[in-house]
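Undergrad: got a predicted structure plus its sequence, pasted below:
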Amino acid sequence: MAGTAQTISVTNGAADTNAKKVIMNDGEIYEDQPRWRPSGNTFKDLLFFVGPGWMVCIAYIDPGNYQANIQAGATTGYRLLWTIWWMSVISLYCQILCVRLAVYAQVTLSEAQAMHQSKYFRYLNWAIAEFSAVITDIPEVIAIGIALNVFFGWPYIAGVLLSFFTTMGFLALQRFGMRPLEAVIAVLVGIMGISIIIESCLCGYSTSRYMEGWVYGFVETQKGDLWAIIGIIGAVVMPHNLYLHSASVLSRPVERSDAVVRKAVAYMSWEPVLPIVVSFFISAATVVIAAVRIDGAPNADNAGLTDFYTYVQSVPGSRWLWGLSLLAAGQSSAITTTYSGQFIMDGFLKIRLPMWKRALLTRLTAIVPCCIVALSTHGAALNTAVDIVNAALAVLLPFALTPLVKYCTSQKFMGPYATGPVETVCAWALAFAVYLFNAITISVPGGGMFGDMLFGDDATVKATGTWVILFIAMLATQLFLLVWNAYIVYMPITQDMQPLQTERVLETEFTVAKEAREISNANQA
């Protein structure tokens, strides 16, 4: 994906304002991007960095989030709106950590892990990260099939297969740089936002209950809400999003001086605020629709993406409003999860492939399980499958968050750009809280996992051989999570970040520039 420039073959104009074609240390030729420096115009400078925040906000309003929000509204009414808000705030801080890692150290989260981990541990973490991206893609692609079913009555598998070609078509925009693709994502966010918010207004929700659930709904939280809360956590703060953001901000290269880099980090830290706020109101709109239309209805516990339309079809224009919102959510999410898979593969495995080959490989890896799910599950079973994906993503979150905190708080790795003492304590407290919440959820009744199967009066598995096997599996899961997190905490940092002044050159074209090849060949002749 990227490397350090070895020699400059061609410079088109001034180095700080125009693109340069450079020879990388692996011998390939790419086009470097203009490097930003403050212009004195705050709005103009901020506009330069707008884009990555819209890419990553998709993870907060993807179909997995729709499922979690529908479940929250259908089973708890308005009272879990506070959970979505505070998880959005926490996710913003996680994105800021991604910005610092990428801009100061000029590495993605997957690359940082590969720098300090042994070969087999790196492979293990690659498999976990890749698995998180693949299962994230299941609700996204299935949602496209559901949307086309709402529009035309097509079977889910038709939309799943069609999504492969539409996603690859959008990814082809990479040949023109990141900005056109970011613009497409922003438009899709706009479509889903406008359509779902209009639909929520047409449903006639209670403004007072909306504010109560948002501001102090936590005082009404009940034990039975745990499953819905874990689904929201997994759907909002997704592991793959940390890999995506730490890579996407590298598409905004800056002049490598201390003052300029610090200023760039400030702009990039503010840039995701608006997208995340927008994503909160989209999620809240989905919750209140479910609260108004589904809460208290028969089988509300099983409501989700597959049958949501049946509850809202009496709302004027609901076919188009819900269908467009779901289609936009599914398509935009399929694009970003494919991107995440590319960055995960590049960082952990250091695989050097042209962009189109990486996109094709990543997409094929994700589409197969989606086809299996689309063909084998329907209705309530499919909704349950998406709930399980959301819960699994919550459990997988520490595998991305703990390393992110490790590197950003490490003075050995980040030097003077590491977090300060107070922030370091807060960052590690967050990482530990996420791990602890997952550990509790795995084993207590009401968490939707082993606890529901093994313990309590409503346990689904009684004291038999199966119970013993599941109990051992639970202990093994808990032990693995504990040992893995402890190892990351105490893992030695083996390399310093590269000097701040080093300019990292990114691959920005769909293939190696033909013109650059010709110029290089001419120079050699």
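TA: Arrived safely, thanks for sending.
Undergrad: chain center to stretch 377-390, what's the gap?
TA: What separates the centre of stretch 377-390 from the centre of its chain is 20 Å, taken as Cα atoms, centre = their mean, to the nearest Å.
Undergrad: can you list the buried residues in that stretch?
TA: Of the residues in stretch 377-390, those scored as buried under the neighbour-count criterion (16 or more other Cβ atoms under 10 Å) are 377, 382-390. All C-beta atoms are positioned from the backbone trio N, CA, C, and that covers glycine.
Undergrad: among those, which lie within helices?
TA: Secondary structure assignment (DSSP state H) places 382-390 from the buried residues of stretch 377-390 within helices.
Undergrad: of these, which is the nearest to Leu80?
TA: Using Cβ to Cβ, the shortest approach to Leu80 within those belongs to Asn390, at 13.5 Å.
Undergrad: the closest one contacts Gln67, correct?
TA: Yes: A contact is recorded between Asn390 and Gln67 when judged using Cβ atoms under 8 Å, the distance being 6.7 Å.
Undergrad: rewinding a little: tell me the two of the buried residues of stretch 377-390 that are most distant?
TA: The largest separation in the buried residues of stretch 377-390, counting by Cβ to Cβ, is between Thr377 and Asn390 at 15.4 Å.
Undergrad: in stretch 475-489, which residues are buried?
TA: Judged by neighbour count using 16+ other Cβ under 10 Å, the buried positions of stretch 475-489 are 477, 481, 484-485, 488.
Undergrad: no no, stretch 120-138
TA: Applying a neighbour-count criterion of 16+ other Cβ under 10 Å, one finds 121-122, 125-126, 128-130, 132-138 buried in stretch 120-138.
Undergrad: what about that stretch, distance to the chain center?
TA: 13 Å.
Undergrad: export it as PDB, just CAs?
TA: Extracted C-alpha coordinates of stretch 120-138, given in PDB (Å, rounded to 0.1, in the frame of the first residue of the first chain):
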ATOM      1  CA  TYR A 120       2.700 -16.500  14.400                       C
ATOM      2  CA  PHE A 121       1.100 -14.000  16.700                       C
ATOM      3  CA  ARG A 122       0.800 -11.600  13.800                       C
ATOM      4  CA  TYR A 123      -0.900 -14.300  11.800                       C
ATOM      5  CA  LEU A 124      -3.300 -15.000  14.600                       C
ATOM      6  CA  ASN A 125      -4.200 -11.300  14.900                       C
ATOM      7  CA  TRP A 126      -4.600 -11.000  11.200                       C
ATOM      8  CA  ALA A 127      -7.000 -13.900  11.200                       C
ATOM      9  CA  ILE A 128      -9.000 -12.300  14.000                       C
ATOM     10  CA  ALA A 129      -9.100  -8.900  12.300                       C
ATOM     11  CA  GLU A 130     -10.100 -10.500   9.000                       C
ATOM     12  CA  PHE A 131     -12.800 -12.500  10.600                       C
ATOM     13  CA  SER A 132     -14.200  -9.400  12.200                       C
ATOM     14  CA  ALA A 133     -14.300  -7.700   8.800                       C
ATOM     15  CA  VAL A 134     -15.900 -10.700   7.100                       C
ATOM     16  CA  ILE A 135     -18.700 -11.200   9.700                       C
ATOM     17  CA  THR A 136     -19.300  -7.400   9.600                       C
ATOM     18  CA  ASP A 137     -20.000  -7.700   5.900                       C
ATOM     19  CA  ILE A 138     -22.800 -10.300   6.400                       C
END
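Undergrad: mind listing residues that contact it?
TA: Contacts with stretch 120-138, where a contact means Cβ atoms under 8 Å, 6 or more residues apart in numbering, come from 59, 62, 64, 110, 113-114, 117, 238-240, 243, 333-334, 337-338, 340-341, 344-345, 348-349, 365-366, 369-370, 373, 385-386, 389, 392-393, 396, 399-400, 403.
Undergrad: ChimeraX command to pick out the buried ones of the residues you listed?
TA: What follows is the ChimeraX syntax for the buried subset of these, where burial is set by 16+ other Cβ under 10 Å:
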select :59,62,64,110,113,114,117,238,239,240,243,333,334,337,338,340,341,344,345,348,365,366,370,373,385,386,389,392,393,396,399,400,403
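Undergrad: in helices, which of the buried residues of stretch 475-489 fall?
TA: Using DSSP H to define helices, the subset of the buried residues of stretch 475-489 located there is 477, 481, 484-485, 488.
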